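**Student:** I would like the atomic coordinates for the input below:
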Amino acid sequence: MPLSWNEIKSRAIEFSKEWENESSEDAEAKSFWDGFFNVFGLTRRRLAGFEVQVKKYGGNQGFIDLFWPGMLLVEHKSKGRDLERAYEQAMDYFPGIKEKDLPKYIIVSDFEKIKLFDLEENTEQEFLLKDLHKKVHLFDFIAGYKKQEYKEEDEVDIKAAELMGKLYDVMIETGYSGHDLNVFLVRTLFCLFSDDARIFNQNQFRRYLENRTSEDGSDTGMHIATLFQVLNTSPENRQATLDEELSEFPYVNGGLFAEQIIYPSFNSEMRHRLIEACAFNWSKISPAIFGSLFQSVMDKEARRHFGAHYTSEKNILKLIKPLFLDDLYAELEACGKNIKKLNDLHEKISKLKFLDPACGCGNFLIISYRELRQLELELLKRRMGQVVLGFGVESYIRIKPEQFFGIEIDEFPARIAQTAIWLMDHQMNEIASEVFGQNIIDLPLGKGATIFIGNALQKEWEEVVPKNELSYILGNPPFIGSKMMNKEQRDDIIYVFGKVKGIGVLDYVSGWYVKASQYIQGTQIKVAFVSTNSITQGEQVGILWNELLNNYGIKINFAHKTFKWSNEARGKAAVFCVIVGFANFDTDKKLLFEYEDVKGEPHEIKVKNINPYLVPADNILIQKRSNPINNVPIIWRGNMANDGGNLIIKNENEYNDLINSELGAEKFIRKYIGSDDFINSLKRWCLWLRNVDPTDIRKFPKILDRVENCKNYRLRSVRKTTVEMANFPMLFAEIRQPEVDYLVIPSVSSEKRKYIPIGFESKDVIANTDVLIIPNATLYHFGILESEMHMIWVGYVCGRLESRFRYSKDIVYNNFPWPENPSEEKVKTIEKCAQEVLDVRAKYLNSSLADLYDPLTMPADLVKAHQNLDRAVDSAYGKRSFNSSAERMEFLFGLYEKYVKLQ
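**Tutor:** Numbering: from 1, shown residues only. Here you go, the predicted model:
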């Protein structure tokens, strides 16, 4: 199992530090490359030979320093030697290597620098050894990952949104709005696209506006109304006296121009904006962006953040490729030039049906249709060659918009979805026409995609498309957190889940997972949704996936781990997503896509199983637990002030002002910490007036002012318990301060750190609700919790705030499986190593925990102290070492299961 990229980076840093001080005389190339391969979790000896004899160019014998047949050749030199010469020497070995064993990559190094040559891509990268952790992605071929690349959006799509926005603005200013404006814009967009995409004669719509309408715009609305009526009238039903220029426009049909609306009364500015939009080449834009385009034009602020609620083509491809597209292309390759097999595949894809049960403006359906048409075109080229056909090319096109279905709660996006699929159909027809030398006539429009308007969680999907006809369900259900849902949305979740307990914490998207699971029972339908990553983390996992796995027999067949959802539009959405592909049946081919960087490209791994945490391990579910699963100290959150900031002294200036103006106030002031304060050594204080004599307080006017302000803040609250706390304005609203020293765990911490900074604090330091505290914790407890074993558990099980760790007591701490009956000797070893970690920290008085645990600045002696601690903890678990984080999690899940059975 490949290591995670975070593990690889950590190992790379340790490897670089180990070798940076090695002298050239003491350095041994074999040890160096053994260590290099270990960075990626591999044993060099199993893959590559050292000093492999081969016949060089010219016939002389030579020895390749390191050779991995078919993959890699390494030439190693002493420090300071010429790496270009080393590369030339490596190339000299090629004549003596069998064709099948020729390497794809060459690496040359001198202990200080590494240079990688990608022979297939004809690229080279050179960097210093100390920067290896920044370059590990270049060696994905060693790590066992397959790099995936996806296309980005075009800037032309952004320009299109701006033009439509200007047209929208001037119409709104005149009072033309609502449903009629929405319908008018959809129809106008169709005409703009048709003008440039050869559906109409070239610039036919633009010429009509310029030639027939007055510059002041007074008659523009009338002419457009007449034109749109003509577009809805078949040739045989048009008047014989119809204006000649109007009669040249084709019959569109499809219901696009059927509805009667009130048309706008134009002025010169409105006419100018419309003709300005006509000058843009609309044939270049992707129909997939139409929905986002219209959402953005509806208000200027949304337009500045165009794309914030739009799934980019890049992210759609991440879903549809493993869901169906990659498999279909593999089938196409397997067909070769066999006509029967190609015909059978063509028949198969012509019968596929797709449903997006939260389709919005149809982005997933549009891109899926485009990709399926491109696959069909490739199939036809193989079947018939790129020749002019004897019959109309349209007779060979069997992929139709009618194979696509959607459910959308709002009418306007549904209209856009259907129109956009028509336009995508035209674009694909144009491509097919160019390939085969015949024009495909698009008009009049056919039935098109079926978009049902209604609530997908209340609607029976079987009524939209029978499940025995459906092949795939896909989409991007709404990203609405459990605390952000309105009453109707909460009712939807109750309707779908029924009497399942704990559903109040579930995000709205969970309803689509259950609804789809109910629908696909007993079928071969495959499903994939883009979702916020919260459904694979924390408390939601045990509730949602218990239902899916145990009541509906769901199997996860592919998944993208957390990535940042964004596109090329300005104001990109800062949402952290996962993609989960599942079905009611299992498969041997399971793919997990991991991200070295949540903003980067994924790497594909083949695995045996994917569990709900998107881990390649058995299906274990961590349920919320009120007490620890083992006999360890209780954990709880710190104190909650709920004071409007009045009892908190926010910085040193406030602190100095108070103690200098009111002598003796120090006795009422305590150091005050939350996660940020603890990690970054920030200084804050609070007024701690518990059990203080009222007579003493009355001597300090500034403190009394703060207390009074706290009282007034609480009285203004709409929360009953907060108002009641106004009776105790000197005190924190919820006091949970221990009477003994305690261990601090920040509730939120960066995922980039290998270890969450944990530490001891005095009972006199007041902890707030941003930290969790463990009174009576010992060095042993600190050692276990500050170990790699615990950190791996946190990384997989905890919830996330964006991509940062969000530590919780009920899911993370209380379920963590501690070592089973460790010997006294092992406990003492852990305590000794834990104290060593604390001692090393204490050496760096001017460094915060953030400084000490930054993976780039972590001191070597602290790294070593943690390595010693990790080994001691692993030993207490009865293991000498683990090869990967996945192996650790598999072990911990097994131990967790054992403890649960003993409860």
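
**Student:** Going by C-alpha atoms from here, please, whenever you check contacts or count neighbours.
**Tutor:** Fine.

**Student:** which residues touch the helix or strand encompassing H346?
**Tutor:** Using DSSP states H and E, H346 sits within helix 339-350. The contact list for helix 339-350, computed with Cα atoms under 8 Å, 6 or more residues apart in numbering, reads 331-332, 335-336, 372, 376, 379, 383, 398-400.

**Student:** Which single one of the residues you listed is nearest to F266?
**Tutor:** Nearest to F266 among the contacts of helix 339-350: K400, at 38.2 Å, using Cα to Cα.

**Student:** can you pull the buried residues of the helix holding H346?
**Tutor:** 341-342, 345-346, 349-350 (16 or more other Cα atoms under 10 Å).

**Student:** Stretch 796-811 too?
**Tutor:** Those would be 796-800, 802-811, for stretch 796-811 by 16+ other Cα under 10 Å.

**Student:** just stretch 257-273 next, same as before
**Tutor:** Applying 16+ other Cα under 10 Å to stretch 257-273 flags 257, 263-267, 270-273 as buried.

**Student:** With stretch 657-664 instead?
**Tutor:** L658.

**Student:** returning to what we had before: what's the next secondary structure element after the helix holding H346?
**Tutor:** Next along the chain after helix 339-350, taking DSSP H and E as the criterion, comes strand 354-356.

**Student:** avg pLDDT for that following strand?
**Tutor:** In this model, strand 354-356 has an average pLDDT of 98.

**Student:** what's the following helix or strand after that strand?
**Tutor:** Of the helices and strands lying after strand 354-356 in sequence (DSSP H and E), the nearest is helix 363-384.

**Student:** quick one: buried residues of the next helix or strand after that next one?
**Tutor:** The element immediately downstream of helix 363-384 (helix or strand, assigned by DSSP H and E) is strand 404-408. Applying a neighbour-count criterion of 16+ other Cα under 10 Å, one finds 404-408 buried in strand 404-408.

**Student:** Out of the residues you listed, which two sit at the greatest distance?
**Tutor:** F404 and E408 (13.3 Å).

**Student:** and the longest helix for the protein?
**Tutor:** Looking across the chain with DSSP state H, the single longest helix is helix 411-436.

**Student:** which parts of that one are buried?
**Tutor:** Burial within helix 411-436, assessed by neighbour count using 16+ other Cα under 10 Å, is assigned to 412-433, 435-436.

**Student:** Whatever helix or strand comes next after that helix pairs with which strands, parallel or anti?
**Tutor:** For helix 411-436, the succeeding helix or strand toward the C-terminus, using DSSP H and E, is strand 450-453. With DSSP bridges as the test, strand 450-453 is paired with strand 404-408 (parallel).

**Student:** So what touches the partner strand?
**Tutor:** 353-360, 362, 365, 369, 414, 449-456, 464-465.

**Student:** 6 Å - rerun?
**Tutor:** Around strand 404-408, the neighbours that count as contacts under Cα atoms under 6 Å, 6 or more residues apart in numbering are 353-360, 449-454.

**Student:** tell me which of these is nearest to N211?
**Tutor:** Nearest member of the contacts of strand 404-408 to N211, counting by Cα to Cα, is A449, at 35.7 Å.

**Student:** Next, find the distance separating the closest one from E402.
**Tutor:** Separation of A449 from E402 (Cα to Cα, to the nearest Å) stands at 5 Å.

**Student:** Settle it for me: which of the two has more neighbours?
**Tutor:** In this view A449 and E402 are compared by other Cα atoms under 10 Å, and A449 has more residues nearby, 22 against 14.

**Student:** List the contacts of that one.
**Tutor:** 401-402, 404-405, 418.

**Student:** before we move on, what about S747?
**Tutor:** For S747, the contact set (Cα under 6 Å, 6+ apart) comprises 770-771, 806-807.

**Student:** State which strand of this protein is the longest.
**Tutor:** The longest strand of the chain (DSSP state E) is strand 555-565.

**Student:** Show me what that strand is packed against.
**Tutor:** The contact analysis (3 or more Cα pairs under 6 Å, 6 or more residues apart in numbering; DSSP states H and E) places strand 555-565 against strand 575-583, strand 590-595.

**Student:** Of the buried residues of helix 339-350, just say which sits nearest to A834.
**Tutor:** I349 (61.1 Å).

**Student:** Go through the buried residues of stretch 796-811 and say which is closest to D219.
**Tutor:** Looking across those and measuring by Cα to Cα, the closest to D219 is E802, at 53.2 Å.

**Student:** What mean pLDDT does stretch 525-533 get?
**Tutor:** Averaged across stretch 525-533, pLDDT comes to 94.

**Student:** Please apply the same query to stretch 284-301.
**Tutor:** 63.

**Student:** Sketch out the low-pLDDT regions of the stretch 351-500 of the chain for me.
**Tutor:** Scanning the stretch 351-500 of the chain with the threshold set as pLDDT under 70 gives 385-395, 436-444, 446.

**Student:** Please list all residues in contact with L845.
**Tutor:** By Cα under 6 Å, 6+ apart, no residues touch L845.

**Student:** Please list the residues outside stretch 847-858 that contact it.
**Tutor:** Counting by Cα under 6 Å, 6+ apart, 679-681 sit against stretch 847-858.

**Student:** From one end of it to the other, what's the distance?
**Tutor:** Taking Cα to Cα, stretch 847-858 runs 10 Å from one end to the other.

**Student:** cool, and stretch 75-86?
**Tutor:** Start-to-end, stretch 75-86 (Cα to Cα) is 6 Å.

**Student:** Confidence-wise, which helix or strand of this protein is lowest on average?
**Tutor:** The helix or strand of the chain with the lowest confidence, counting by mean pLDDT, DSSP states H and E, is helix 300-304 at a mean of 42.

**Student:** still on that earlier bit, go through the buried residues of helix 339-350 and say which is closest to P612.
**Tutor:** The closest of those, once distances to P612 are taken by Cα to Cα, is I349, at 30.9 Å.
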